[in-house]
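Student: model the structure of this input:
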Amino acid sequence: MAARSASHDGGQPPAAEDDLDQLNATIDQLEAEIQATIVHDYEPLLAHIAKIKTSGARLGELEQRIQSVQDVQMRLRRRVRIPYEHLTLYTNQLENLHAASEAVAQLSKFFQLTRRLRLLLDTTMTSITTPPISSPKAFGAIDESDDWAQRLITAAVTLREIDRLPGIEPHRTRVAKLSAELDAVDELRSRLINGADHCLGEGFRRSHQPDLAVGVQIYHHLGRLGPPLTALLDEELAAFATAVATWLNFTAGPKDPKVSTAATGNKFWDLLDVLLDSLAAAATKVYTLEKVLVRKRDGMVVAGGGGSVATSFQAPTLLDAVVSELGTGPVTYFWQHIAEHLLNLFQRLLQTQSAVGQTLVTNYPKLLLRLHSLYSVLAPLQSHATAAMSTATVAGSPTVHDRYDQVPENVLLLRSFGALEAGYLARLEARLSDLVATAFGIVPRATGVSGMGPGGSGLRGTGTARSHDPQPVLVPARGQITVLVRNLFNELEITQFDSALSTRILQLIMQQLTVFLRYTEKMVSTDSKAYFIGYSDATKTMPTPQLTNADLINAVGILNDQVRLNLAKFPKLDPTRTEAAVQLAPRVLNRILTPLVEHILSSIQGTVGKMYAEGAYATPPSPSADGPNATPNHQSASQARYSAYMIELAHRIRYIRRLIEKLDLPVDPCRADLVRTLGSRALLLFVRHISLVPNLRDTGKMQVTEDATQLEFSLTQLLARAKLEVKDLGDPYQALREFRTVLFMEVRQIPGCCGSHSVAIGDGKQSQGLSSQQQQQPRFTALPTSTVVQYLIGQCYPKDIPTTPAAHLGLSLPDYSDWLDTHSEAEALAMLRELVGRYVLTDGDASSDAAQALRTILL
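Tutor: Residues are numbered from 1 along each chain as shown. Sure thing, here's the model as predicted:
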């Protein structure tokens, strides 16, 4: 206030005074805030600094204590170091003493083993290179009383123990006589290996199992069984390669003009026989070796040194040791290399298109026969080896192979012939294709099979497919088909022991059978003349297309018979494939026969349907028609007996009979089924259409009887070729007989004979109250109730029922017959009940007997 008054008294303006007051107030506020900040932040910071100073003092005290501990530690270390150094010195001395003790023990054992080795071999060295070859013993067995063999094997075990002693060699210069002993051991080892080589070589060369057993056991205990066995096998493989080269050199040399081609060919195959004989001899040695290796060893006790040492041979088999070392057994090793060598050889021969390759491909079946002989020689050895391995390694019965191509090593060998087989199959396919083409009069074209295919994989060049599918010219005759099928199946007789090759050849055969059937179908005529059915004496000559189709049907039938006959010779073929081959011809035969049968059935139906247009049973038959079975002396009588449509039908059935006689169907059941189908259909249509004739009176009924007799006679002739009678048709023939009964029965008696209204004679309560005449009424077992109802509707037409079943459905009579074929008996009765219900079933005063019978049947 004083400042403000002074300023005011000094003459300051009032506005400046106000600003000065505001500035003073702001300064006061800032001073207050600074003071508050100092109180809030600076004082805690000072307190924290004080704490740090306290911690520093404590750290100084701790450092002093640590220093004192280190001083104590140094004093303790100075006190302990001297005893520790003494302890380390004593420990080193003990380790040196232990090492010296171990060395002494190893040297002691070494000298003991070398002494035993000397005792074992000193008495054997005189004969170690000429071991006694005793008589062959049992499979893989070593006579435990044979001291010579026992000593050699025990010496090998001793050498193995010496080799397992560690640290002997470094002492050679330190220990007296050790160097001499080591040299002696090396000499004894060398002489023992020489003896083992001699045993192994002689035993392998002579296939002598006891000597082989000694050699392999010596090498097994020496820990080097693989290399000597590999050397033996490689020696045999080299000998085989040399024999192959000799065989090829003969074929590559210049031909002697004085020697005939046949003699040269025989020499070629003779040398191949020698080659395969050498292969069989080598394989025999290998199988003998593996039989020795597969023997399980038992424990044995051998004498040596100052006492007896028990050595146990508990390895499962020696073969397991060989497999673990070589990765495979001797037999597999041998055949793998043989197969690889032959595979490379054949591929090279095919790539260069050499004469040898051509000969082997062309005569591959002859080569397979020789392989068959080789397998026959090896089969006993293979079965024994398989049985031995199964007994030694697998609990249970051994694997038994009933086919050569199931043996693994045989499979390896067969695979090496793959290139030859491919070429053979290509040539075979072309040859079989030409055989089929020639049978149909087709000139064989170029097949595209040249010398050798690329890569030696076969003889196929551009393939065996022809540029276009040719048109067959001739229908093969029976003899041609028989020879053709026999030629197709001849290859299977040679190759049947090789299931894989047999399967491929069977596929080729099926392929050519399919081609045969395709040619057949291409020649089938679909012209209307091929399905013509004669209807009079003037039309009994068969058209050429129909005769051609008959010949084709016969060709397919003969083919089917021959295929079945030839397949029966090979029961071991895959049944699925043989069944497929058997089914080829019947399917094609069915496709050819089906249109013909359909046309025959259609002609029968069309002929029977003519009875309505002719009015056959409304008026007496025309006397102008001749009976089909009448003789010249009885034509006038036949003219008055049969309806015109029946005469035509009889002609057609006779024509059908002649046509079927020309068909050489595969088996009798086929012919029987065909004529049974035709006869049954003719009877069914006859009865059905007669039942639809309206107002059938006594004259018409007599005519129906005559026509039925003629139909039976015609069918008898048709069925006779299949050794059948009309009664063998079953229900259709029984229905005809029952319908004849209906025609001449009292109408009111009909309901008691059909359906549920029929009563058997003496049928208990149902027969009570019926007259004896009613109880003796027949029961219809084959005649459909719908047929009886149709007949009664016709008897009611047009007085009681003014329409027919066909008109009720809006169909023609042929269409109505087809409608009945596609609907069940229950559906037909339902339709007829609907028709009759409009006129008869609702009219209780229906007067006619037929109407009453309908009411009884349908209600």
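Student: check the burial of Tyr90 by counting its neighbours.
Tutor: Look at Tyr90: counted by other CB atoms under 10 Å, it has 10 neighbours. No exception for glycine: its C-beta is placed from N, CA and C like everyone else's.
Student: helix or strand: which one has the nearest residue to Gln562 once chain neighbours are set aside?
Tutor: For Gln562, ignoring the flanking residues on the chain, the nearest one in space by CB to CB, 6 or more residues apart in numbering is Val485 at 3.9 Å. If you go by DSSP states H and E, Val485 is part of helix 478-495.
Student: so what pLDDT did the residue nearest to Gln562 get?
Tutor: Val485 is assigned 92 on the pLDDT scale.
Student: next: the one 3 residues further on.
Tutor: As predicted, Leu488 sits at a pLDDT of 88.
Student: check the gap between it and Ile481 for me.
Tutor: In this structure, Leu488 and Ile481 are 10 Å apart, going by CB to CB, to the nearest Å.
Student: returning to that earlier point: how about the contacts made by the residue nearest to Gln562?
Tutor: Contact analysis of Val485 by CB atoms under 8 Å, 6 or more residues apart in numbering lists 559, 562-563, 566.
Student: ok, it to Leu567 distance?
Tutor: 10 Å.
Student: Val286 and Leu237 touch, don't they?
Tutor: No: between Val286 and Leu237 there is no contact under CB atoms under 8 Å: 10.1 Å.
Student: looking at these two, which is more packed in?
Tutor: Using other CB under 10 Å, the more surrounded residue of Val286 and Leu237 is Val286, with 26 against 17.
Student: for that one, what is the enclosing helix or strand?
Tutor: Short version, using DSSP H and E: Val286 is in helix 261-293.
Student: mind giving me the packing neighbours of that helix?
Tutor: Using 3 or more CB pairs under 8 Å, 6 or more residues apart in numbering; DSSP states H and E, the elements in contact with helix 261-293 are helix 178-206, helix 209-222, helix 226-252, helix 318-326, helix 330-351, helix 364-393.
Student: quick one: mean pLDDT for it?
Tutor: 86.
Student: same question for stretch 372-389.
Tutor: pLDDT averaged over stretch 372-389 gives 71.
Student: repeat that for stretch 515-533.
Tutor: So the average pLDDT for stretch 515-533 ends up being 91.
Student: just the helices in the stretch 551-700 of the chain please.
Tutor: For the stretch 551-700 of the chain, the helices defined by DSSP state H, counting those that start in this stretch occupy 575-582, 584-608, 610-614, 635-639, 644-661, 668-691, 698-720.
Student: list the buried ones in the first one?
Tutor: Pointing back at helix 575-582 there. For helix 575-582, a neighbour-count test (16 or more other CB atoms under 10 Å) marks 577-578, 581 as buried.
Student: packing partners for that helix?
Tutor: Using 3+ CB pairs under 8 Å, 6+ apart, helix 575-582 sits against helix 499-523, helix 544-567.
Student: could I get the ones you listed as JSON lines with distance to Phe110 and mean neighbour count?
Tutor: Formatted as JSON lines, these follow (distance: least, CB to CB, whole Å; neighbours: other CB atoms under 10 Å):
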{"stretch": "helix 499-523", "distance to Phe110": "60", "mean neighbour count": "19"}
{"stretch": "helix 544-567", "distance to Phe110": "76", "mean neighbour count": "21"}
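Student: save those as CSV, and put in distance to Pro586 too.
Tutor: Shown next, in CSV, are the helices and strands packed on helix 575-582 (distance: least, CB to CB, whole Å):
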stretch, distance to Pro586
helix 499-523, 10
helix 544-567, 6
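Student: who wins for proximity to Ala650 among the ones you listed?
Tutor: Ala650 lies closest, by CB to CB, to one member of the helices and strands packed on helix 575-582: helix 544-567, at 19.8 Å.
Student: which strands or helices does the closest one pack on?
Tutor: helix 478-495, helix 499-523, helix 575-582, helix 584-608.
Student: how about those in a markdown table, adding distance to Lys53?
Tutor: A markdown table is the format used below for the helices and strands packed on helix 544-567 (distance: least, CB to CB, whole Å):
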| stretch | distance to Lys53 |
| --- | --- |
| helix 478-495 | 110 |
| helix 499-523 | 101 |
| helix 575-582 | 104 |
| helix 584-608 | 114 |
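Student: out of those helices, which is closest to Leu665?
Tutor: Nearest of those to Leu665, taken as CB to CB: helix 584-608 at 8.0 Å.
Student: buried residues in the closest one?
Tutor: Neighbour-count burial for helix 584-608 flags 584-585, 588-589, 592-593, 596, 600, 603-608 (criterion: 16+ other CB under 10 Å).
Student: likewise stretch 158-172?
Tutor: 158-159, 161-162, 168.
Student: show me which of the residues you listed is closest to Ser354.
Tutor: Among these, and counting by CB to CB, the member closest to Ser354 is Leu159, at 52.9 Å.
Student: hang on, that closest one packs against Arg191?
Tutor: No: the pair Leu159 and Arg191 fails to qualify as a contact (CB under 8 Å) at a distance of 11.2 Å.
Student: report the separation between Arg431 and Val704.
Tutor: 64 Å.
Student: compare those two and say which is more crowded by neighbours.
Tutor: In this view Arg431 and Val704 are compared by other CB under 10 Å, and Val704 has more residues nearby, 23 against 17.
Student: check contacts around the more buried one.
Tutor: Here Val704 is in contact with 617, 690, 696, 740, 743 (CB under 8 Å, 6+ apart).
Student: gap between the third one and Ile793?
Tutor: Leu696 sits at a distance of 11 Å from Ile793 (criterion: CB to CB).
Student: contacting residues around Lys662?
Tutor: Taking CB under 8 Å, 6+ apart, we find Lys662 in contact with 542, 547, 550, 554.
Student: ugh, wrong one, I meant Pro472
Tutor: Going by CB under 8 Å, 6+ apart, Pro472 touches 440-442, 519-520, 522-523.
Student: mean pLDDT lowest for which of the helices of the stretch 551-700 of the chain?
Tutor: Across these, the lowest-scoring stretch is helix 635-639, with a mean of 43.
Student: still on that earlier bit, joint contacts of Val286 and Leu237?
Tutor: By CB under 8 Å, 6+ apart, the residues touching both Val286 and Leu237 are Phe334.
Student: rewinding a little: neighbour count for Leu696 and Ile793, which is higher?
Tutor: Ile793 (26 against 19).
Student: host element of that one?
Tutor: Counting by DSSP H and E, Ile793 is part of helix 785-796.
Student: Val539: neighbouring residues, count only.
Tutor: Small correction: residue 539 is Thr, not Val. Neighbours of Thr539 under the rule other CB under 10 Å: 14.
Student: if you could redo that for Leu683, that was the one I meant.
Tutor: Using other CB under 10 Å, Leu683 has 25 neighbouring residues.
Student: so where do the helices sit in the stretch 1-150 of the chain?
Tutor: 2-9, 14-37, 43-122, 147-163.
Student: among these, which is the most enclosed?
Tutor: helix 147-163 (a mean of 21; mean count of other CB atoms under 10 Å).
Student: for that one, which helices and strands make contact with it?
Tutor: Helices and strands touching helix 147-163, by 3+ CB pairs under 8 Å, 6+ apart, are helix 43-122, helix 178-206, helix 209-222, strand 300-304, strand 307-311.
Student: adding mean pLDDT and distance to Leu474, write those out as a markdown table.
Tutor: Shown next, in a markdown table, are the helices and strands packed on helix 147-163 (pLDDT from 0 to 100; distance: least, CB to CB, whole Å):
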| stretch | mean pLDDT | distance to Leu474 |
| --- | --- | --- |
| helix 43-122 | 83 | 88 |
| helix 178-206 | 85 | 65 |
| helix 209-222 | 86 | 67 |
| strand 300-304 | 36 | 82 |
| strand 307-311 | 40 | 84 |
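Student: thank you, goodbye.
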